[in-house]
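Colleague: I'll drop the sequence and a predicted model, then ask my questions.
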Amino acid sequence: AQTVTQSQPEMSVQEAETVTLSCTYDTSESDYYLFWYKQPPSRQMILVIRQEAYKQQNATENRFSVNFQKAAKSFSLKISDSQLGDAAMYFCAYRAPNTGNQFYFGTGTSLTVIP
Amino acid sequence: GAVVSQHPSRVICKSGTSVKIECRSLDFQATTMFWYRQFPKQSLMLMATSNEGSKATYEQGVEKDKFLINHASLTLSTLTVTSAHPEDSSFYICSAPNGAGGPQNIQYFGAGTRLSVL
């Protein structure tokens, strides 16, 4: 089975600063999808950003961007100009095509934003 | 955008009773839905895959007789925790893929149900 590892249980960042959350994964597939989800205190899972493995260009969504290193099986999330509302649990997730849409989640990183 | 509605958001019940949790896709059809369990400050653990019109697929270690799943329509899946006990207390989350092809296929999550068994 695929595994997704987030080695940082907790991270903190000063408001307006930049923070990077790490994620590595293990797979033998060549084509797959990677996601970052945010879970704020409300517990609602929110999609932050996604990346297709066949695309070399890193995905960006406003203040959120990824550093996708396919050979290293690394998929880090960079949050720029951090805001108080960014405080949440962040989960990295992996999905292979044609697997019934099953997601594999990392253990999560709790992000604190310091005013 | 697509929305998945999960109900109830919070339930408190006595030990031995059964609790039903509903998961609805509001503006798209979902032949597959997923049920997760999440303990405090931990990741989502996939419990089972709900398949419309057929039996659910349970992950290893999940008791199918304890956690009954019914996916009777393309927009509704239910999880029934039967004869609930305090150790079943947890946060349960459902999700549904929007059915689009390739990279546009996105999982949408319900807001979760916090179950407390007294």
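Modeller: That came through fine. Remember, predicted model here, so these are calculated numbers, not experimental data.

Colleague: ok, and the closest non-adjacent residue to B:Phe91?
Modeller: Counting by CB to CB, 6 or more residues apart in numbering or on different chains, B:Gln38 is the residue found nearest to B:Phe91 once chain neighbours are left out, at 4.5 Å. Every C-beta, even on glycine, is put in place using the N, C-alpha and C of the backbone.

Colleague: now for the one you found: which residues touch it?
Modeller: With contact set as CB atoms under 8 Å, 6 or more residues apart in numbering or on different chains, B:Gln38 has these partners: A:43, B:44-45, B:90-93, B:112.

Colleague: most surrounded residue in the residues you listed?
Modeller: Most neighbours among the contacts of B:Gln38, by other CB atoms under 10 Å in any protein chain shown: B:Leu44, with 28 neighbours.

Colleague: residues contacting that residue?
Modeller: Shown here is B:Leu44, whose contacts under the criterion CB under 8 Å, 6+ apart are A:45, A:91, A:105, B:36-38, B:93.

Colleague: also B:Gln107?
Modeller: Neighbour list for B:Gln107: A:35, A:47, A:95, A:101, A:103, B:34, B:95-98 [criterion: CB under 8 Å, 6+ apart].

Colleague: so which of those belong to strands?
Modeller: Among the contacts of B:Gln107, DSSP state E puts A:35, A:47, A:95, B:34, B:95-97 in strands.

Colleague: and these, which is closest to B:Glu52?
Modeller: Taking CB to CB as the measure, B:Ala96 is the one of those closest to B:Glu52, at 10.5 Å.
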